[in-house]
Each structure stands twice: as structure tokens, then as C-alpha cells.
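Chemist: what follows is a protein structure lacking sequence information:
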């Protein structure tokens, strides 16, 4: 039996029809939060997540929205508030990769990744802050509201062949910190999670064979790949009052990947 740390609260988790977002949504719901499952194209998967949450006694809805579109984001918040009364927690999880060498990368590939991974977090956070300030404090949390930005170890680790993705995550880091500095006085808590190598469907090629997994493990001092629940548990903690004095920081969930393990033997 979960401790129900988020009972009486509602959350939006963007990009939560699969992968890390799905795990975060399910974990938030298991702690008592009502959750809006956001998707852009995977409607069937989104409703499967809703069914999973409802089967376990939780409450969830699925909402289609492209987080890079201002109108979609505004509508997503309106629908969530109309259903749950308010929004207490925002998890900015939606993100994509469009990989190419810099000379082969198109402007469209560059813009698409930045629009979803960075601008999407701006649009969603802006709406969340407006709702928090309009609604005021409730008895369900010490904070006025919580925002969790999903970043990546590549906010600090350069990644050849992925300049759009790593640039977007570097941007998320400074976006989160600047936003935290600005809204902290309102008691709106803003933090980020930076996952490392996490087993998801999108990166299955990097871990589905023993040889491929061993190559990735060379980058991880803790010597195991992460799973989506590793990230979800941290998201729940950041959304709860257990972390009420944690603000403007990034938690790396990476098994030590950010320690630059190539230098373990003095370089």
C-alpha cells in the first residue's frame, strides 16, 4: 500500500503514453494523484495507461496535445482543470530525438527537437504557473505548485551526432534554473531530472543484445542500465512535500554516467 503522498492533487505528465512519462504517470497515480495523460499521436497507448491507472483504483484522463503548439497547451490545461478542478503538478516529459551529423541535419530537424523539447516546456510551465497563482494555496501541499522538467545527462555531456537534442537539454537546464529563481518567492517549486541510459522502447537497439548492453555499461560506473521506475520514483519524491526544500536543482538518475567514467583509470 502506497503512502498516498499526493492524495487530493492533480498532475499533467506530457508525453506519457509510453516510456519514462508513462512510468511517471502511473507512479504519481499510485501515490494518490489524478493524472492527465498527454499524447501527441499514440492515442491507443495513452488510453491503455489510463486503463492501467483506473484498474489500480486511480483516476486519469487522456488528452491529445502537441506541446510545441500554444493553442494545444492552453486547451490541455483547460480540459485538465475542467475535469480535476486544478493542476498541482506539471511534469514536462515530452521529448524527441531526430539524430544526424551537423552537416546532414536539416533546419526542420533542428527546429522540431528544440520546439518540442524546450519550447514545449516553456509553454506548459507558463500555463502551470498562471494556474498556481490564480488558484492559490490548498491544504494538499506546502508548495503553491510543482514543476518537474525532464532533462538528460546530455545537458552536461556533449553528444556528437545529436547537436539538436543536447542543445535542447542544455537549454532545459538553464530554463529550469532561471524559472526557479523567478517563481520561488511564490512558493512554486521547480526542479529537473536528468536520466542517463534508461531501458525504453525508443532505445531498445542499445540494450536488446548482450553485446550492445555491455558497450553501454562501459559508460555507467554503477554497472546497470536504469529502468523507467528509477526515474518515476524520483519524480514522485520531487512532487511530494518530502522534498519541500529542494528547489532549482537537477537530480541525475544515471548510475554515475555523468562522472565521465572514461577517466576512471586516470584517463
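Modeler: Okay, I see it. Predicted, not measured: the structure shown is a model, and the values here were computed from it.

Chemist: how long is stretch 218-226 end to end?
Modeler: 14 Å (Cα to Cα, to the nearest Å).

Chemist: list the contacts of that stretch.
Modeler: By Cβ atoms under 8 Å, 6 or more residues apart in numbering, the residues outside stretch 218-226 that reach it are 195-199, 207, 213, 216-217, 253-257, 259, 261, 264. To be clear about C-beta, it is placed using only N, CA and C from the backbone, and glycine gets the same treatment.

Chemist: hmm, which of those are the buried ones?
Modeler: 195-199, 207, 216-217, 253-257, 261 (16 or more other Cβ atoms under 10 Å).

Chemist: lowest-pLDDT helix or strand in this structure?
Modeler: helix 210-217 (a mean of 92; mean pLDDT, DSSP states H and E).

Chemist: circling back to that earlier point, now for the buried ones among the contacts of stretch 218-226, which pair is the farthest apart?
Modeler: 199 and 261 (18.8 Å; Cβ to Cβ).

Chemist: what about the helices in the chain?
Modeler: 19-30, 43-55, 70-84, 107-114, 120-135, 163-183, 210-217, 228-239 (DSSP state H).

Chemist: for the first one, packing partners?
Modeler: Right, helix 19-30. Contact analysis of helix 19-30 by 3 or more Cβ pairs under 8 Å, 6 or more residues apart in numbering; DSSP states H and E lists strand 10-13, strand 34-39, helix 43-55, strand 89-92, helix 228-239 as its packing neighbours.

Chemist: now mean neighbour count too, for the ones you listed, in TSV please.
Modeler: Putting those into TSV (neighbours: other Cβ atoms under 10 Å) gives the following:
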stretch	mean neighbour count
strand 10-13	28
strand 34-39	28
helix 43-55	17
strand 89-92	29
helix 228-239	22
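
Chemist: can you put the ones you listed in JSON lines and add distance to residue 83 and mean pLDDT?
Modeler: Listed next are the helices and strands packed on helix 19-30 as JSON lines, based on distance: least, Cβ to Cβ, whole Å; pLDDT from 0 to 100:
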{"stretch": "strand 10-13", "distance to residue 83": "8", "mean pLDDT": "99"}
{"stretch": "strand 34-39", "distance to residue 83": "8", "mean pLDDT": "98"}
{"stretch": "helix 43-55", "distance to residue 83": "12", "mean pLDDT": "98"}
{"stretch": "strand 89-92", "distance to residue 83": "15", "mean pLDDT": "99"}
{"stretch": "helix 228-239", "distance to residue 83": "19", "mean pLDDT": "98"}
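
Chemist: distance to residue 62 added to the ones you listed, as TSV?
Modeler: Output for the helices and strands packed on helix 19-30, formatted as TSV (distance: least, Cβ to Cβ, whole Å):
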stretch	distance to residue 62
strand 10-13	11
strand 34-39	5
helix 43-55	4
strand 89-92	15
helix 228-239	18
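
Chemist: figure out which of these is closest to residue 74.
Modeler: Of all the helices and strands packed on helix 19-30, strand 10-13 sits nearest to residue 74, with 12.4 Å by Cβ to Cβ.

Chemist: who does that closest one pair with, and is each partner parallel or antiparallel?
Modeler: strand 34-39 (parallel), strand 89-92 (parallel) (DSSP bridges).

Chemist: can you give me the buried ones in the longest strand seen in the chain?
Modeler: For the chain, the strand that runs over the most residues, judged by DSSP state E, is strand 188-195. Residues of strand 188-195 classed as buried by neighbour count (16+ other Cβ under 10 Å): 188, 189, 190, 191, 192, 193, 194, 195.

Chemist: wait, what's in contact with the residue sitting nearest the centre point of the chain?
Modeler: Centroid check for the chain by Cα atoms, centre = their mean gives residue 93 as the closest residue, at 2.8 Å. Neighbouring residues of residue 93 by Cβ under 8 Å, 6+ apart: 13, 14, 15, 16, 20, 21, 24, 150.

Chemist: what do you get for residue 148?
Modeler: When contacts are counted by Cβ under 8 Å, 6+ apart, residue 148 touches 89, 90, 91, 92, 191, 192, 193, 235, 238, 239.

Chemist: ok, it to residue 206 distance?
Modeler: 25 Å (Cβ to Cβ, to the nearest Å).

Chemist: show me the shaky parts of the stretch 101-250 of the chain.
Modeler: Along the stretch 101-250 of the chain, no part satisfies pLDDT under 70.
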